[in-house]
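>>> fold the following, please.
(chains A, B, C and D)
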Amino acid sequence: MTGLSREQISWRVAQDLPDGAYVNLGIGLPTSVPPFVPPDREVVFQSENGLLGVGPAPAPGTEDPELVNASKQLVTLLPGASICSHSDSFLMIRGGHLDIALLGAYQVSAQGDLANWLTEGDNKAPGVGGAMDLAVGAKQIWTLMEHTTKSGEPRILERCSYALTAPRCVTRIYTNLAVIEVADGLQVREIAEGLDFAALQRVTGAKLRPAPDCRPLRFVA
Amino acid sequence: MTGLSREQISWRVAQDLPDGAYVNLGIGLPTSVPPFVPPDREVVFQSENGLLGVGPAPAPGTEDPELVNASKQLVTLLPGASICSHSDSFLMIRGGHLDIALLGAYQVSAQGDLANWLTEGDNKAPGVGGAMDLAVGAKQIWTLMEHTTKSGEPRILERCSYALTAPRCVTRIYTNLAVIEVADGLQVREIAEGLDFAALQRVTGAKLRPAPDCRPLRFVA
Amino acid sequence: MIDKRVACIEDAVRGIADGSTVLISGFGDSGTPFELLEAVLDQGARDLEIVLNNAGGGDDAIVRLLAADRVRKVVCSYPRSSLGNPVFDRLYAERKVELELVPQGTLAERIRAGSAGLGGFYTPTAAGTRLADGKEQRVFEGRTYVLERPIVGDVALVKAYRADRWGNLVYHSAARNFGPVMAACGRLTIVQVKEIVALGTLDPEHVVTPGIYVDRVVELGI
Amino acid sequence: MIDKRVACIEDAVRGIADGSTVLISGFGDSGTPFELLEAVLDQGARDLEIVLNNAGGGDDAIVRLLAADRVRKVVCSYPRSSLGNPVFDRLYAERKVELELVPQGTLAERIRAGSAGLGGFYTPTAAGTRLADGKEQRVFEGRTYVLERPIVGDVALVKAYRADRWGNLVYHSAARNFGPVMAACGRLTIVQVKEIVALGTLDPEHVVTPGIYVDRVVELGI
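Numbers count the residues shown, from 1 in each chain, chains lettered A, B, ... in the order given. Below you'll find the predicted structure:
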C-alpha cells in the first residue's frame, strides 16, 4: 500500500509538536519521534521512569547503563532536565501536566477509545505498564500506528474489539495513510498522496469525514 | 502544689527517649525537651515543616530566618539531617514512621483520647495545625501538661469535655505530678515526691491504678 | 524556546482573576512569597479564596489582603500567629470571611491529590473528631478513615530559591515546606526566586520542582 | 547511636520470613537490587509475594527466584522483558504463580499510600477498563474513578547510590524510579548502595530518602 513508512509516521508527528510542549513518549514507535523535531523548537520529552528533559542516545563510550527511557533504551539528559521518583513521575502524568502523550495503538475507536495493551490472541501474561495512566492523564493523546494490521484488518473501528486502555482519550491518530482528528467522530486532516478518500474509508472500520481543508499527507526530507 | 516545674517535665520526658528514636515535637512545652536528652543517646527530632534531624538554636550571628521549627523558633540542622516538602513530611507523620510524638494537651481521657486543639471558652478562630495528623500517625503519643488547670480542674478525665484531636491515641502522660501509662486504663508509674496516691487521685478526673513498681517522680540535676 | 522568566513582579501577577483560588506557600514567614503578595495587593484581584498554612500575622501582606476585604475564604490549618492577627479574628467574628479549617497533613495531601489527578483519598486524620463532621467516614480493616477531596488552585504563589528559564526550582532550607506541593497544583504557578541561573546549572538530581509545573518566574534578589 | 550499616549482604537480608510481601525497586534493570536478590536466593525465604514494576528477564535473580518456586504472587505493571521471560510465562500459564496486574502509576501510588497511612484513593486510571473489574468505581464531578487500596511491604529491597550511617539515601540518575516510594513503605527496608559516606556528607537539601525509612544499608562498591 502507498503511504508513509513507520519512520515517516514518526517524522510526521514530530512536525506537529509545538514549541514548548511537554511530551511523553510511549514505548515502541513514539521513541523514534524526537530526532525529527524541527531544530527551532524546544520540546521537553518526559519518560515515565522519572525523567523530564530526555535527550538523544548517548555517544559511544558515554553510556550510563542506569539512564534509560520507558523502552529501556539508553538515553541522555538535556540541560534543564530533572529526575524524579515513580510516584512523582506519575503525579505528573496522571495530573494532567503533560501536553501530549504519543502512544502506540492496536485499535482506536471513533469516540477516541484506545486499545493498546492487550490483544485477544495473546496467551502470554498481560502487561499494561504506564499506558492507562498516560491515556487518562495527558491533555492530548496522539496515537501512532499502521492504518491496518498486517493482514489488512482495520485498526480504526466504530468500537474497539480489544480490551480498552481508556475510553474516549485519543485526540489525534497518525497512520501511514492519514492524519485524523478525533472530534465528534473522525475528521480526516490529511490523506496519503495517491490515495483518495473512498479508498481510505475502505480500509477504515469507522465512518470518516474529510476536513474542509483536507490536505495530502506527504513526507518532506 | 508540689511536683516538677514545666521545665522539669521536659527534662523527665527526655530521660525516657530511647537511643535512636525518631521524635516529633509539638508546639509549646515539647520544644524544650531536646537539651535534656542524655548526651550518650542519638535522638532524631522531626519538625512537621519538613525537617528531620533538628538541632539546637543557632549561635548568635548564624541564624537563618527561614530555618524554623514547628513553633517557628529558629533552629539548626544536625549532620545527617534532611529537608523535605510538607506532603513528604506528613507522609512520614501519618504513615507511622515516627516512634514518638511529644504533644501538649488540654485534656486526656482514661482511654487515651486527646484534646489539644480547641477549648470551649475560646471565641477566636480555631487552629489545628498538625496535631490531628501527629495524633493518628506516630507510633506513640506522649503528652506533656500540667496535671490540672490553673484553677485546679483536672485535665485527666474519664471523658474529655473539649473537642477531640483524636480518639485513643495517647500512650503516656507526663505531668508535674505523675508519669502515667495509658494501657487498659491509667496506670501510675511515678508519683511526685511528697504526694501520695490518694492525693494524686483527688486531682485526677479518671480512675488511676498504681503500677506494681510505682516509683517517686523526681528531678535529678 | 521555553522561557518562564518575567521581567518584573507586576508582570508576574498579571491576569489573576477575581474569585480565584490562590495557593500561597509558606509556614509562618518561612517560604511565604510576601513580595508576590504585595504585587497581588496592587494588582487588585478580589473575592479570593486563599489556601495556605497560616493566615498571616502582624501587618504582613496576607493580613493586608484580608484588611482590604479582598479575601472571601481562607482554607488553612492554623489561622493564628505569635504576632497576633486581629484583622482575621475580627473578620471571622463578624462572619465576613469564611474559614475552612483543615489539618495540616490533610491540607498538604489534598493539594497533592489535586496536582496528581486523584478524585480523593481516605485519611485517618480527623476521624472521630469534629473536623470530620459532614464527611464520609469509612472503615478499612478496622480503622476509620475520612474521605477528603482534592484542592486545585487557579493560581499558586510560591517562594523558591533558584530557578532556570525552564522553571526548574530549588528551595532554601525549611522554606521548602508547601512550595513543591503547591507549585505542582496551580493552573497558573507564579514563583519568586532569589536568583535565576543559566539552564543546565541546576543538577537534574537536585531539582525539587520540575519546570513543567511552573508558568512564571521572577527574580527578586532576596 | 544510630547505625544502619551492616557488614555483609548476608546480614542485610537476614530474617526475611516465608510468606513475606517484598517490594523490589527498579525499572527493567535500572535501579534493581540484583545483589540483594541474589542474597535472598541464598537466604531461602519462600512463598513470597513480590511487588515490582517488571518481573525479571533473561536469567536474572528475579527469574531465578521464580524458577526456584519461591514466589507465590507477582504484583507488577509489566511482566515482560525484551530479554524474554519464559520462566514467568510458563509459571503463569500453569497457574503456579498468581499475577496481579496494576497500572504503573497506580502501583506507585498504592505503595505511596501504604507508606503514607492512607486507607485508599480514587484514581481515574483504569476506569472503564477490564482492570477495574470488581473494584468500586465512583463518579466525582462527572469523571469516573477507581478505588485503589494501599500496598505495604513486609520488606523493601532497594538499590540506591550513596548512604550514610543514619540511612539517608541519594540515588543515581534513572535508577531512582521506585526506590524512594518503596523505601518508605517497607516494614523492613534493606538498601544496597555503591558507597557509604560519613554522616554530614550528604547535603540535607539533596537527601532523597531520609534515613527514618531505612533499616539496613550494605555497601557493595557497585
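
>>> and the helix ranked longest in chain A, what other elements does it pack with?
The helix that spans the most residues within chain A, counting by DSSP state H, is helix A:6-16. Packing partners of helix A:6-16 (3 or more Cβ pairs under 8 Å, 6 or more residues apart in numbering or on different chains; DSSP states H and E): strand A:140-144, strand A:170-174. Just so you know, the C-beta spots here come from the backbone N, C-alpha and C atoms, and that holds for glycine as well.

>>> rerun at 6 Å
Contacts defined by 3 or more Cβ pairs under 6 Å, 6 or more residues apart in numbering or on different chains; DSSP states H and E place helix A:6-16 against strand A:170-174.

>>> find the nearest non-adjacent residue to residue 93, please.
All of this refers to chain A. A:Gly137 (4.5 Å; Cβ to Cβ, 6 or more residues apart in numbering or on different chains).

>>> you answered for a different chain; I wanted chain C.
B:Asn123 (6.9 Å).

>>> now name the helix or strand holding that neighbour.
In the assignment (DSSP states H and E), B:Asn123 maps to no helix and no strand.

>>> next, count neighbours for it.
8 (other Cβ atoms under 10 Å in any protein chain shown).

>>> gap between it and A:Ala59?
70 Å (Cβ to Cβ, to the nearest Å).

>>> what residues does the longest helix seen in chain C touch?
Looking across chain C with DSSP H, the single longest helix is helix C:104-116. The contact list for helix C:104-116 (Cβ atoms under 6 Å, 6 or more residues apart in numbering or on different chains) reads A:91, A:94-95, B:86-87, B:90, B:93-94, B:129-130, B:133, C:77, C:121, C:123, C:125, C:148, C:150-152, C:181-182, C:184-185.

>>> how far off centre is that helix?
Centroid separation for helix C:104-116 versus its chain: 11 Å, with Cα atoms, centre = their mean, to the nearest Å.

>>> report all helices and strands that the very next helix or strand once past it contacts.
Using DSSP H and E, the helix or strand that follows helix C:104-116 towards the C-terminus is strand C:120-123. Counting contacts by 3+ Cβ pairs under 6 Å, 6+ apart, strand C:120-123 is packed against strand C:143-148, strand D:120-123.

>>> tell me what the longest one is packed against?
The reference is to strand C:143-148. Counting by 3+ Cβ pairs under 6 Å, 6+ apart, strand C:143-148 packs on strand C:120-123, strand C:137-140.

>>> what do you get if the cut-off is 8 Å, keeping everything else the same?
helix C:104-116, strand C:120-123, strand C:137-140.

>>> C-alpha coordinates for the first one, PDB please?
Translated: helix C:104-116. These are the backbone C-alpha positions of helix C:104-116, laid out as PDB (Å, rounded to 0.1, in the frame of the first residue of the first chain):
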ATOM      1  CA  GLN C 104      -2.000  20.400  58.100                       C
ATOM      2  CA  GLY C 105      -1.200  17.000  56.700                       C
ATOM      3  CA  THR C 106      -4.700  16.700  55.100                       C
ATOM      4  CA  LEU C 107      -4.100  20.200  53.600                       C
ATOM      5  CA  ALA C 108      -0.900  19.100  52.000                       C
ATOM      6  CA  GLU C 109      -2.400  15.800  50.800                       C
ATOM      7  CA  ARG C 110      -5.500  17.400  49.300                       C
ATOM      8  CA  ILE C 111      -3.300  19.800  47.400                       C
ATOM      9  CA  ARG C 112      -1.100  16.900  46.300                       C
ATOM     10  CA  ALA C 113      -4.200  14.900  45.200                       C
ATOM     11  CA  GLY C 114      -5.300  17.900  43.200                       C
ATOM     12  CA  SER C 115      -2.000  18.000  41.400                       C
ATOM     13  CA  ALA C 116      -2.000  14.200  40.900                       C
END
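
>>> what is the rounded mean pLDDT of it?
Averaged over helix C:104-116, pLDDT sits at 98.

>>> quick one: contacts for C:Asp3?
C:Arg165 (Cβ atoms under 8 Å, 6 or more residues apart in numbering or on different chains).

>>> list the contacts of the closest residue to chain C within chain A.
Here chain A gets closest to chain C at one residue, A:Pro79, 3.0 Å apart by Cβ to the nearest Cβ. For A:Pro79, the contacting residues are A:53, C:199-200, by Cβ under 8 Å, 6+ apart.

>>> ok, which stretches of chain C are strands?
C:21-24, C:48-51, C:71-76, C:98-101, C:120-123, C:137-140, C:143-148, C:153-159, C:162-163, C:169-170, C:186-193, C:195-196, C:216-219 (DSSP state E).

>>> got it, and chain A?
Under DSSP E, chain A gives strands at A:22-25, A:44-47, A:51-55, A:76-83, A:100-104, A:107-109, A:114-115, A:140-144, A:156-157, A:170-174, A:178-182, A:186-192, A:208-217.

>>> now tabulate these in CSV and tack on mean pLDDT and distance to C:Arg70.
Formatted as CSV, the strands of chain A follow (pLDDT from 0 to 100; distance: least, Cβ to Cβ, whole Å):
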stretch, mean pLDDT, distance to C:Arg70
strand A:22-25, 97, 33
strand A:44-47, 98, 36
strand A:51-55, 97, 36
strand A:76-83, 98, 35
strand A:100-104, 98, 37
strand A:107-109, 98, 48
strand A:114-115, 98, 45
strand A:140-144, 98, 36
strand A:156-157, 98, 52
strand A:170-174, 98, 39
strand A:178-182, 98, 43
strand A:186-192, 98, 46
strand A:208-217, 97, 47
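
>>> nearest to D:Asp164 among those strands would be which one?
D:Asp164 lies closest to strand A:76-83 among the strands of chain A, at 20.3 Å (Cβ to Cβ).

>>> now that closest one against strand A:51-55, angle please.
170 degrees (axes from the mean of the first three to the mean of the last three Cα atoms, to 10 degrees).

>>> near chain D, which residues of chain C are found?
C:109, C:113, C:116-124, C:138, C:140, C:143, C:145, C:149, C:170-171, C:173, C:204-206 (Cβ under 8 Å from any Cβ of the partner chain).

>>> for PyMOL, write a command that selects the buried ones of the residues you listed.
Selection of the buried residues among the residues of chain C next to chain D in PyMOL, burial being defined by 16 or more other Cβ atoms under 10 Å in any protein chain shown:
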select buried, chain C and resi 109+113+116+117+118+119+120+121+122+123+124+145+149+170+171+173+204+205+206
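
>>> any weak-confidence spans in chain A?
A:1 (pLDDT under 70).

>>> residue with max distance from the center of it?
Farthest-out residue of chain A from its mean C-alpha position, per Cα atoms, centre = their mean: A:Gly61, at 30.7 Å.

>>> state the distance from the nearest residue to A:Ala57 once chain neighbours are set aside to D:Arg112.
The shortest distance from A:Ala57 to any non-neighbouring residue, by Cβ to Cβ, 6+ apart, is to A:Leu74 (6.0 Å). Computed with Cβ to Cβ, the distance linking A:Leu74 and D:Arg112 is 28 Å.

>>> same question for A:Ser109.
In terms of Cβ to Cβ, A:Ser109 sits 33 Å off from D:Arg112.

>>> and chain A, which residues reach chain C?
Checking chain A against chain C by Cβ under 8 Å from any Cβ, the hits are A:19-20, A:22, A:42, A:44, A:46, A:52-53, A:77, A:79-84, A:90-92, A:94-98, A:136-137.
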